[in-house]
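# kindly return the folded structure for what I paste below:
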Amino acid sequence: MESLDQTIRKIEEGGGRICVPKMAIPKMGWLAYAEDLAGNVFGLMEPDANAK
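Alright, predicted model coming up:
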């Protein structure tokens, strides 16, 4: 799996948008929400036990 940052870049390059920017969930990982071209909102997560 790619990093969340790379996935966010690909979404934006493809015309989607980030609804909720990348945020840390301490000791769990990184979370963001995006919207695709059809208006569907979905979550993205990258596990990272060191997230703060």
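
# distance between the ends of stretch 33-43?
From its first residue to its last, stretch 33-43 covers 4 Å (Cα to Cα, to the nearest Å).

# residues in contact with it?
Here stretch 33-43 makes contact (Cβ atoms under 8 Å, 6 or more residues apart in numbering) with 8, 11, 14-20, 31-32, 44. Every residue, glycine included, has its C-beta placed from N, CA and C.

# mind listing what's buried along stretch 8-24?
Using 16 or more other Cβ atoms under 10 Å as the test for burial, stretch 8-24 gives 8, 11, 16.

# ok, the lengthiest strand in the chain: who's next to it in the sheet?
Longest strand of the chain, by residue count under DSSP state E: strand 17-25. Strand 17-25 has its sheet partners listed here by DSSP bridges as strand 29-35 (antiparallel).

# buried residues in the helix or strand following the strand it pairs with, which are they?
Proceeding N to C from strand 29-35, the next assigned helix or strand is strand 41-47, under DSSP states H and E. Buried residues in strand 41-47, defined by neighbour count with 16+ other Cβ under 10 Å: 44, 46.

# could you figure out how far strand 41-47 is turned away from strand 17-25?
Per axes from the mean of the first three to the mean of the last three Cα atoms, to 10 degrees, the angle that strand 41-47 makes with strand 17-25 is 30 degrees.

# run the chain-centre distance for strand 41-47.
Centroid separation for strand 41-47 versus its chain: 5 Å, with Cα atoms, centre = their mean, to the nearest Å.

# could you give the mean pLDDT of it?
In this model, strand 41-47 has a mean pLDDT of 97.

# in what helix or strand does residue 11 lie?
Here residue 11, judged by DSSP H and E, is contained in helix 4-13.

# what angle sits between that helix and strand 17-25?
170 degrees.

# by contact count, what packs against helix 4-13?
strand 17-25, strand 29-35, strand 41-47 (3 or more Cβ pairs under 8 Å, 6 or more residues apart in numbering; DSSP states H and E).
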